[in-house]
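**Student:** Here is my input, please return the structure:
(one chain, ligands or ions: 1)
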Amino acid sequence: MTAAANARVGVVMGSRSDWETMQHAAATLEELSVPHEVRVVSAHRTPDLLFDYAEAAVARGIEVIVAGAGGAAHLPGMLAAKTRLPVFGVPIQSKALNGMDSLLSIVQMPAGIPVGTLAIGRAGAVNAALLAAAVLALHDPALAVALDAFRARQCEAVLAHPDPRA
Ligand code: RP5
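**Tutor:** Numbers count the residues shown, from 1 in each chain. Sure, this is the predicted structure:
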């Protein structure tokens, strides 16, 4: 599923240490059978790779980018600056400031270059993947069915256990 050849979603992160959070984005895409790739691309440590990745993404067939970063989290914004593809940013829960640094540096994009910013941590990673799938599902009936089924399963799981003590 993660083969780069037919990837439609690029899941990128600033460091291997972000994988603990970003694995949840990949797992969600996997559950929906969305072809995706996973890459470490650092805005600070590998700036040229960042430019190359963003500039080549459209031609390689990537349709949406999910980008996780922590601290001074430039990665989603810089990717968005270099590609017209939708970019969804996931603030990683940093040790020093609990992810508030990541959140604010991703969400406060000046007008003109948007980054859709999700919640800090696992919830953001899962929801970024779901948003990416929702974008693709606009023109992919099979994926729309899979997304509806995902939501139905989630609904049924809650309704099946109404008593939190049980
Ligand atoms: C950011 O710096 C990464 O996105 C990561 O969240 C943070 C810390 O990276 P490491 O020092 O753990 O590699 O670029």
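**Student:** gap between the most centrally placed residue in the chain and residue 111?
**Tutor:** In the chain, the centroid-proximal residue (CA atoms, centre = their mean) is residue 66; its distance is 2.7 Å. Counting by CB to CB, to the nearest Å, the gap from residue 66 to residue 111 is 22 Å. Heads up, the C-betas are built off the backbone N, CA and C, glycines and all.
**Student:** How about residue 61?
**Tutor:** For residue 61, the distance to residue 111 - CB to CB - is 29 Å.
**Student:** which one of those two has more residues nearby?
**Tutor:** Legend: neighbour count by other CB atoms under 10 Å for residue 61 and residue 111, higher for residue 61 (13 against 5).
**Student:** how about the more buried one, what does it touch?
**Tutor:** Counting by CB atoms under 8 Å, 6 or more residues apart in numbering, residue 61 touches 6-8.
**Student:** In three-state terms, label it for me.
**Tutor:** Here residue 61 is coil, with the state taken from DSSP: H, G, I helix; E, B strand; the rest coil.
**Student:** okay, it: pLDDT?
**Tutor:** pLDDT, residue 61: 98.
**Student:** Also the one 4 residues further on?
**Tutor:** Looking at residue 65, its pLDDT is 99.
**Student:** Among the contacts of residue 61, which one lies nearest to the ligand?
**Tutor:** Nearest to the ligand among the contacts of residue 61, counting by CB to the nearest ligand atom, is residue 7 at 20.6 Å.
**Student:** what's the closest non-adjacent residue to the closest one?
**Tutor:** Once flanking residues are discounted, residue 7 sits nearest to residue 37: 3.9 Å by CB to CB, 6 or more residues apart in numbering.
**Student:** Is there a quick ChimeraX command that grabs whichever of the contacts of residue 61 are buried?
**Tutor:** Buried members of the contacts of residue 61, defined by 16 or more other CB atoms under 10 Å, are picked up in ChimeraX with:
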select :7,8
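**Student:** Looking at the contacts of residue 61, which are in helices?
**Tutor:** Among the contacts of residue 61, no member is found in helices (DSSP state H).
**Student:** Now render the contacts of residue 61 as CSV, adding distance to residue 44.
**Tutor:** What follows is those, written out as CSV (distance: CB to CB, whole Å):
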residue, distance to residue 44
6, 30
7, 24
8, 27
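**Student:** Give me the lowest-pLDDT entry from the contacts of residue 61.
**Tutor:** Lowest confidence among the contacts of residue 61: residue 6, with 94.
**Student:** gap between that residue and residue 109?
**Tutor:** Note on residue 6: its distance to residue 109, by CB to CB, is 30 Å.
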